[in-house]
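Chemist: Everything below, folded, please.
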Amino acid sequence: MIPTLAPEHEEFRAHIERWVEQRLQPIASELDQSGVFPHELFKELGSLGYFGIMYPEAYGGLGGASPNVHYTILIEELSRASMAFAGVVCMHAAAATHGIGAWGSEALREKYLAPAIRGEKIGAFAITEPNSGSDAASIRTRARKVDGGYVITGTKMFTSSAPIADFITVAATSDPEKGVQGIGLFLVDTKMPGFSVGRTIEKFVIHSADTAETIYEDVFVPDDHRLGDESGFLNAYRALTIDRIYTGAMALGNARAAYDAALDYAKTRVQFGKPIGKFQAVQFKLVDMLATLEQARLYVYHAAELADRGEPITKEAAIAKQIAADGGNQICQKALNIFGGYGLTLDFPVERYLRDSFFPMIGGGTSDIMRTIAAKQIGL
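Modeler: Numbering: from 1, shown residues only. This next block holds a predicted model:
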């Protein structure tokens, strides 16, 4: 079941679905096993205009009326083939470029946003630190004001796409005593003196999407590279909140692929003289998987529609991410169980679906953090 959407949404889904099946799906397992990011597919997707969903036509964007629903469709469909590829796209075309589009100067938009929309540059977003994860107020990467700009010093952890990024939107504090109100956003070109990528962090999830440590050793950024005012992080909070919906969409696409694979396998795998899908134990698993998938999808798209209407979504985005991530993991576990011994092999992608299903449960805030956010919104 897919939620009832407007005709333009269904047409958009059909276009990206066709691209995914023709270009990404055939090499998804190879990408996972090699750990290589497909730069050529990234550029191709950008050239088709998909990275411009959130941005005005003046910079090569689509300028549509419902960017969040469109973007949710894009991320779900990409994740159906490769959550790793979808994760890079999600970070690049949303969090990494949002601040440039919202507060960047015309020069920055021309230099970074426009080529990013075309797929010619790759962006990343750096917030997490060795001692600062869910507690953003504890960020210690410092942005010290100097004549003509800022000097950024510090270390970030778990920066997605860092090894391949051309620019990074960095959260840094100009005054640690102010907590989150002292945190600003700064655009760092990865060619700037003092910037370097530290160790690449090996993960058992999303293999072809590198995650790394990023190091800032007195990196000078000009004044116009500060995105928004001194409390730019608070200004960007809504965009970071919306990103939770997209992470939910990643979980949806991956879970949908696992469900489809398990259903097909149940119809063709014969044991004791009949397809295993004829056994009640397998039927119950598949029905539970479908119910979980449809419930999560309905809520994720509900949250995306609220975002497009400009309504408050703090609670809805947190719940959407939590139920899609947790539900997606449960679906993938059941899918691997249906495959039995073959599910433990590399002959079928179901093991990848299960591995990758853990990423949305952690990335962008753990499921328990999402529950904490939602609890505060209902007055607890």
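Chemist: any idea what sits nearest Pro349, other than its immediate chain neighbours?
Modeler: Once flanking residues are discounted, Pro349 sits nearest to Ser29: 5.6 Å by CB to CB, 6 or more residues apart in numbering. Just so you know, the C-beta spots here come from the backbone N, C-alpha and C atoms, and that holds for glycine as well.
Chemist: Against Phe85, how distant is that neighbour?
Modeler: 12 Å (CB to CB, to the nearest Å).
Chemist: more crowded one of the two?
Modeler: Using other CB atoms under 10 Å, the more surrounded residue of Ser29 and Phe85 is Phe85, with 25 against 16.
Chemist: For the more buried one, list the residues it contacts.
Modeler: By CB atoms under 8 Å, 6 or more residues apart in numbering, the contact list for Phe85 reads 24, 28, 31, 37-38, 41-42, 78, 208-209.
Chemist: so how many other residues sit close to Lys315?
Modeler: By other CB under 10 Å, 18 other residues sit near Lys315.
Chemist: neighbours around the residue nearest to it when sequence neighbours are not counted, how many?
Modeler: Of all residues not flanking Lys315 in the chain, Gln377 sits nearest, at 3.8 Å (CB to CB, 6+ apart). Here the count is done by other CB under 10 Å, and Gln377 has 14 residues near it.
Chemist: I figured Gln377 hits Ile319, correct?
Modeler: No: using CB atoms under 8 Å, Gln377 is not in contact with Ile319, being 9.1 Å away.
Chemist: where are the low-confidence patches of the stretch 1-150 of the chain?
Modeler: For the stretch 1-150 of the chain, the stretches flagged by pLDDT under 70 are 1-4, 133.
Chemist: mind listing the helices for it?
Modeler: Listed in chain order, the helices of the stretch 1-150 of the chain (DSSP state H, counting those that start in this stretch) span 7-19, 28-34, 39-47, 67-81, 83-90, 96-103, 106-108, 114-117.
Chemist: quick one: the residue nearest to Pro349 from Pro115, how far?
Modeler: For Ser29 relative to Pro115 (CB to CB), the value is 31 Å.
Chemist: And Ser174, by the same measure?
Modeler: Per CB to CB, Ser174 is found 29 Å from Pro115.
Chemist: Which phi and psi values does the closest residue to Glu213 other than its chain neighbours adopt?
Modeler: Of all residues not flanking Glu213 in the chain, Gly198 sits nearest, at 3.3 Å (CB to CB, 6+ apart). Gly198 adopts backbone torsions of phi -80, psi -140, taken as degrees, to the nearest 10.
Chemist: wouldn't Gly198 be in contact with Ala212 here?
Modeler: Yes: assessed by CB under 8 Å, Gly198 is found in contact with Ala212 at 6.3 Å.
Chemist: who has more neighbours, these two?
Modeler: The residue with more neighbours, out of Gly198 and Ala212, is Ala212; 22 against 14, by other CB under 10 Å.
Chemist: Surely the more buried one is in contact with Pro163?
Modeler: Yes: the pair Ala212 / Pro163 is scored as a contact, 5.4 Å apart, by CB under 8 Å.
Chemist: Return every residue with contacts to both of the two.
Modeler: Common neighbours of Ala212 and Pro163, counting by CB under 8 Å, 6+ apart, are 197, 200.
Chemist: so who does the residue nearest to Pro349 touch?
Modeler: 346, 349, 352.
Chemist: what sits against the last one?
Modeler: Contacts were defined as CB under 8 Å, 6+ apart; by that measure Arg352 touches 29, 32.
Chemist: Ramachandran angles for it?
Modeler: Dihedral pair for Arg352: phi -70, psi -40, per degrees, to the nearest 10.
Chemist: surely Glu57 meets Gly49?
Modeler: No: here Glu57 does not reach Gly49: they are 10.1 Å apart, not a contact under CB under 8 Å.
Chemist: Neighbour count for the two, which is higher?
Modeler: Gly49 (14 against 10).
Chemist: Tell me how far that one lies from Arg23.
Modeler: Counting by CB to CB, the gap from Gly49 to Arg23 is 15 Å.
Chemist: so how far does stretch 169-186 reach from one end to the other?
Modeler: 6 Å (CA to CA, to the nearest Å).
Chemist: buried stuff in stretch 116-129?
Modeler: For stretch 116-129, burial by neighbour count (16 or more other CB atoms under 10 Å) applies to 116-119, 121-129.
Chemist: same check, this time on stretch 329-340
Modeler: Neighbour counts using 16+ other CB under 10 Å place 329-336, 338-339 of stretch 329-340 among the buried residues.
Chemist: now the residues you listed as CSV including distance to Thr372?
Modeler: CSV is the format used below for those (distance: CB to CB, whole Å):
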residue, distance to Thr372
Asn329, 19
Gln330, 21
Ile331, 24
Cys332, 25
Gln333, 25
Lys334, 27
Ala335, 29
Leu336, 30
Ile338, 34
Phe339, 35
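Chemist: And those residues, which is closest to Asp288?
Modeler: Lys334 (6.9 Å; CB to CB).
Chemist: List the contacts of the closest one.
Modeler: Lys334 neighbours (CB under 8 Å, 6+ apart): 262, 285-286, 288-289.
Chemist: mind checking pLDDT for it?
Modeler: What the model reports for Lys334 is a pLDDT of 98.
Chemist: all strands of the chain, in order?
Modeler: With strands called from DSSP state E, the chain shows them at 123-126, 142-146, 149-160, 167-173, 183-189, 195-200, 211-222, 226-227, 270-271, 274-275.
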